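Asks: predicted model and sequence follow; I will ask about them next.
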Amino acid sequence: MKNLSITERANELSFDIDISNEIEFLRILRQTDSQIFAGYLRFPGLKDDIFIQNLFKAYKILFQKLIQSKRNKKQIKIIFTGAGTSGRLSMLAAELFKDDYERILGYNPLDFLIAGSNLALIKAQEGAEDDPLMGIKELENKIQNLDYILIGITCGFSANYVGGQLYKTVIEDKQNAFLIGFNPLDFARKIKPENWDKSFFDTINTIKNKENFTPLNPVIGPEPITGSTRMKSGTTTKIITDSLLYLVLESLKNNNPYKNYNEFKERFLKLLTEYYCAYDNVYKNIDNLAKLIKNAGTILRNYGNIYYLGESFAGQLGIIDASECPPTYGAGYHDVRGFMKNGWADFCSSAQDLSHIDNLYDISFNNLKNIIAKNHNDYIIFITGTAEYFNRNKDLFSSLKNIKKILLTDTNIDNIGEYDFVLNNCHDIKDIPIFTSIATKLIFNAITTFAHVFKGKVYKNRMIDLRISNNKLYYRSINIIKDIVDTDEQTAELSILKAIYDTDSLTDSILKAPISKHILISTDKEKVIPTALLLATGEFDLKKAKQKLKEIPIIRNIIEIIS
């Protein structure tokens, strides 16, 4: 396991997650999520000085640059950027604090980029995270000769889209860059993209000793579902971005920056304690949450759909959680969806309304009404912070079947009706929901992760039905097959290509094609990895493998029968 990316390792705590009932499943998540706060093995975590010192450095840079901007009446950009989950969380960070920063500075300095453009906020765009040149081009279009600070997010240090932007920012533009991820720097991916002469590892080695580069990389351990960085890594990303922006905002409001490291450390650790309370409150409700996730799993296994409805951060997180299911589990794009009343205006106010693209991008309540009218086997999860919001939309909610209501609040509300899950005592700071939003994310991750595990999308604790939408997932798929079937890399890759191209006989043109072509062809293919797993055993040809998967959907049961 030497120098194997920690975000790609299997977590020993979740080895039997695929054969666990709903209570056991939540106990496993409770243990793996605790590593966010406790740390992992010998590596520095969120509570260690080496991380907090870098966070303090980032805080000082942000505060000083923004104060200078205000004094000189000259705008500066703070750009969050990432691919997949990291890009969606970049959007959330920019959206959550934009009004507060604008009130103080007279303009909003917060902005974001996501690999694949804003289309990727709803649906992953194939190969986008592997393109550093596009990352550089989009960054140039965004900054338009302004001073800027880049906050790159790539949980496993693998997204070359971000790598290109880091190189431009630190080396070419001499601007400040922070990098959020959850590996040691020397664990960065060493595979070069097709259109760039540097791997992410090469970029890190070039910039790591530069004064204008600051890594923010606590190690929090492997994900409960191997490689699913939407979970722990996504949660920790949100903790870091929200804490950093809040601490800077607090100092700007009071015109009183933290003058020394110890003072800053004490304040950050207090915030971390509140985050831990939010985590603890979720898992204190384990019995009620178990009922919720079991219902969701049953609906999804029976080919129903799961819909999130919400306002504010809860609605945004619901849409994001839904958007991450297809690339993670090979789920259908309509299996899990999120909706907000006014669609894009509520979800991302700085983005163009994309509802005209197709039905998947229409995230308004009006579209939900049309969908519900055609489907009856659905599970609708309504999330709110107030009873008043429910009352404003009661005509819609009263017409929905099987509605499950989650109340998220830090106040006592009377006459709220019957709720399936109530979360409280997350003491957010005034109007900024930095703690409740973490709890919400943990709940959503639990709902959709259990539902897909229950549907047979996971072998032990590994995703085995993911969509190969980028370079990272292509190589991850090879490693999945190597490990499960105990075969060599060549056999694993050839099995994947047979499944992608739907043939038992690979031609020279297929074998010589670039990986980007394999990714493009595999985009809309169903059950590529499960099929390849069976091919790699040597016990099946393509036709027999597909037939066996129809008979026995859970791959672990097939593997154990033939082994």
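Replies: On my side now, so go ahead. Because the structure is a prediction, the values reported are computed rather than measured.
Asks: any idea of the mean pLDDT for stretch 354-369?
Replies: Regarding stretch 354-369, the rounded mean pLDDT is 93.
Asks: that stretch: which residues count as buried?
Replies: 354-355, 360-364, 367-368 (16 or more other Cβ atoms under 10 Å). For the C-beta atoms, the positions are set from N, CA and C on the backbone; glycine is no exception.
Asks: give me every residue that touches the spatially closest residue to residue 343 that is not a sequence neighbour.
Replies: Using Cβ to Cβ, 6 or more residues apart in numbering and skipping residues adjacent in sequence, the residue nearest residue 343 is residue 364, 3.4 Å away. Residue 364 makes contact with 339-344, 355, according to Cβ atoms under 8 Å, 6 or more residues apart in numbering.
Asks: now the helix or strand where residue 215 lies: how far from the chain's centre is it?
Replies: Remark: residue 215 resides in strand 213-216, with elements defined by DSSP states H and E. Distance, stretch centre to chain centre, for strand 213-216: 20 Å (Cα atoms, centre = their mean, to the nearest Å).
Asks: what does stretch 61-72 give?
Replies: Counting by Cα atoms, centre = their mean, stretch 61-72 is centred 31 Å from the centre of its parent chain.
Asks: same question for stretch 346-354.
Replies: Using Cα atoms, centre = their mean, the offset of stretch 346-354 from its chain centre is 19 Å.
Asks: straight-line length of it, end to end?
Replies: 13 Å (Cα to Cα, to the nearest Å).
Asks: contacting residues around it?
Replies: The contact list for stretch 346-354 (Cβ under 8 Å, 6+ apart) reads 91, 94-95, 98, 111, 118-119, 121-122, 311, 315-316, 319, 340, 343-345, 361, 363.
Asks: domain map for this protein?
Replies: 43-259, 285-455, 459-562 (automatic domain parsing).
Asks: pick the most deeply packed of the ones you listed.
Replies: domain 43-259 (a mean of 21; mean count of other Cβ atoms under 10 Å).
Asks: and the host helix or strand of residue 313, what does it pack onto?
Replies: Element membership of residue 313, judged by DSSP H and E, is helix 312-323. Packing partners of helix 312-323 (3 or more Cβ pairs under 8 Å, 6 or more residues apart in numbering; DSSP states H and E): helix 85-105, strand 305-310, strand 336-339, helix 344-347, strand 378-384, helix 436-454.
Asks: could you dump the buried residues of stretch 354-369 to a markdown table with distance to residue 451?
Replies: As requested, the buried residues of stretch 354-369 are arranged in a markdown table below (distance: Cβ to Cβ, whole Å):
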| residue | distance to residue 451 |
| --- | --- |
| 354 | 26 |
| 355 | 26 |
| 360 | 19 |
| 361 | 23 |
| 362 | 23 |
| 363 | 20 |
| 364 | 24 |
| 367 | 22 |
| 368 | 19 |
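Asks: need the contact list for the closest residue to residue 154 other than its chain neighbours.
Replies: Nearest residue to residue 154 in three dimensions, chain neighbours excluded: residue 162, at 4.7 Å (Cβ to Cβ, 6+ apart). Contacts for residue 162 were tallied using Cβ under 8 Å, 6+ apart; they are 81-83, 86, 115, 129, 135, 152-154, 179, 200.
Asks: among those, show me the least confident.
Replies: residue 129 (88).
Asks: excluding chain neighbours, what is closest to that residue?
Replies: residue 83 (3.2 Å).
Asks: just the element for the residue nearest to residue 154, please.
Replies: Short version: residue 162 belongs to helix 160-167, going by DSSP H and E.
Asks: what's the first helix or strand after that helix?
Replies: strand 176-180.
Asks: tell me which helix or strand comes right after that following strand.
Replies: helix 200-207.
Asks: other SSEs contacting that following helix?
Replies: Judged by 3+ Cβ pairs under 8 Å, 6+ apart, the packing partners of helix 200-207 are helix 160-167.
Asks: ok now the helix it packs on, how far from the chain's centre?
Replies: Worked out by Cα atoms, centre = their mean, helix 160-167 lies 19 Å from the chain centre.
Asks: check which helix or strand residue 37 maps to.
Replies: With DSSP H and E as the criterion, residue 37 is inside helix 22-38.
Asks: going by neighbour count, list what's buried in that helix.
Replies: So, applying 16+ other Cβ under 10 Å, buried residues of helix 22-38: 22, 25-30, 32-37.
Asks: and the angle for that helix with helix 436-454?
Replies: Between helix 22-38 and helix 436-454, the angle comes out at 140 degrees (axes from the mean of the first three to the mean of the last three Cα atoms, to 10 degrees).
Asks: which residues does the helix or strand just after helix 22-38 contact?
Replies: Next helix or strand after helix 22-38 toward the C-terminus (DSSP H and E): helix 49-72. Identification of contacts with helix 49-72 by Cβ under 8 Å, 6+ apart yields 44-45, 75-76, 78, 101, 104-106, 109, 147, 149, 176, 178, 214-218, 240, 243-244, 247-248, 251-252, 257-258, 261, 264-265, 268-269.
Asks: hmm, try it at 6 Å
Replies: 44, 76, 105, 176, 178, 214, 216, 218, 247-248, 251, 257, 261, 264-265 (Cβ atoms under 6 Å, 6 or more residues apart in numbering).
Asks: what is the nearest of those to residue 404?
Replies: residue 218 (34.4 Å; Cβ to Cβ).
Asks: residues in contact with that closest one?
Replies: 45-46, 51.
Asks: now distance to residue 435 and pLDDT too, for those, in CSV please.
Replies: Output for the contacts of residue 218, formatted as CSV (distance: Cβ to Cβ, whole Å; pLDDT from 0 to 100):
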residue, distance to residue 435, pLDDT
45, 19, 97
46, 15, 98
51, 20, 98
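Asks: skip ahead from the helix holding residue 313 and say which helix or strand is next.
Replies: Past helix 312-323, the next helix or strand by DSSP H and E is helix 325-329.
Asks: now that next one: average pLDDT?
Replies: 90.
Asks: now find how far off-centre it is within its chain.
Replies: The answer for helix 325-329 is 11 Å, by Cα atoms, centre = their mean.
Asks: can you tell me which of the contacts of residue 162 are in strands?
Replies: Using DSSP state E, the members of those that fall within strands are 81-82, 152-153, 179.
Asks: and of those residues, the nearest to residue 285?
Replies: Closest approach to residue 285 among the ones in strands among the contacts of residue 162 (Cβ to Cβ): residue 153, at 29.5 Å.
Asks: any idea how far the closest one lies from residue 461?
Replies: 24 Å (Cβ to Cβ, to the nearest Å).
Asks: all the helices of the stretch 351-500 of the chain, in order from the start?
Replies: With helices called from DSSP state H, counting those that start in this stretch, the stretch 351-500 of the chain shows them at 365-374, 387-392, 394-398, 436-454, 471-485, 489-501.
Asks: how about residues contacting the fourth one?
Replies: Contact with helix 436-454 is made by 18, 25, 29, 231, 235, 275, 278, 282, 293, 296-297, 300-301, 313-314, 317, 321, 325, 329, 336, 408, 423, 426, 428, as judged by Cβ under 6 Å, 6+ apart.
Asks: correct me, but residue 28 touches residue 14?
Replies: Yes - taking contacts as Cβ atoms under 6 Å, residue 28 lies within contact range of residue 14: 5.0 Å.
Asks: residue 152 and residue 164 touch, don't they?
Replies: No - with contact defined as Cβ under 6 Å, residue 152 does not reach residue 164; the gap is 10.0 Å.
Asks: need the overlap of contacts for those two.
Replies: With Cβ under 6 Å, 6+ apart, residue 152 and residue 164 have no common neighbours.
Asks: alright, calling it a day.
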